[in-house]
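>>> Next comes the sequence, and after it the predicted model I'd like to discuss.
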Amino acid sequence: MEEVERLLAQPSGKEPQGIRDRAILELLYATGMRVSELSGLTVKDVHLDVGFLRCVGKGSKERIVPVGKTAAKAIQNYLNKVRPKFERGKGASAMFLNRTGSRLSRISIWQMIKRCAAQAKIQKRITPHTFRHSFATHLLERGADLRVVQELLGHANIATTQIYTHIDPGRLKKIHQQFHPRP
């Protein structure tokens, strides 16, 4: 969790690119979206007024994903202060734009994450998928139901969700003691 916090703190909150990058990182961690889902977002997919976004995943499957307050605030800041400056008619519907006004690519997002990880002095390899894994793991560590996490990640099979996550042995023992009739 400490590394996630360091990584999320990297993009500057003053420069336009930093405001955009902060919104991207917050959204990745808040939703567990795939990088392709994030780069494919359009402005009309995001409904901050109700705290949800519509995301198109693998196999063109749509799902509704909640957006937390911290991510919503970062996105609203980007929409108000930065996106209008980047928009130049090329990617008018795209949520996240580069400085030339085109849709931000998956590769650009990967490079930004790599840059932020280096600035945060994180030695291990960090990818967009790391945010997805952290999202699922942190929800489960705090007691979220595996089936709910499966739905949030858009997995068809619960076995796929189990692969993404690991459960702390101490938590397993505590749950066993709490719920087994003969602890």
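Thanks, I have the structure now.
>>> which stretches of the chain have low pLDDT?
89-91, 164-168, 171-172, 183 (pLDDT under 70).
>>> For Ile122, give me phi and psi.
phi -90, psi 120 (degrees, to the nearest 10).
>>> same check, this time on Arg142
Backbone geometry at Arg142, expressed as degrees, to the nearest 10, gives phi -100, psi 10.
>>> how far away is it from Val149?
Here Arg142 is placed at a distance of 11 Å from Val149 (C-beta to C-beta, to the nearest Å). Glycine gets a C-beta too; all of them are placed from N, C-alpha and C.
>>> Of those two, which one has the most company?
For Arg142 versus Val149, the count of surrounding residues by other C-beta atoms under 10 Å is larger for Val149: 21 against 8.
>>> surely the more buried one meets Leu140?
Yes - judged on C-beta atoms under 8 Å, Val149 makes contact with Leu140 at a distance of 6.1 Å.
>>> Just give the nearest non-adjacent residue to the residue nearest the centre of the chain, would you?
When C-alpha atoms, centre = their mean is applied to the chain, the residue found nearest the centroid is Leu28 (1.3 Å). Once flanking residues are discounted, Leu28 sits nearest to Phe131: 3.9 Å by C-beta to C-beta, 6 or more residues apart in numbering.
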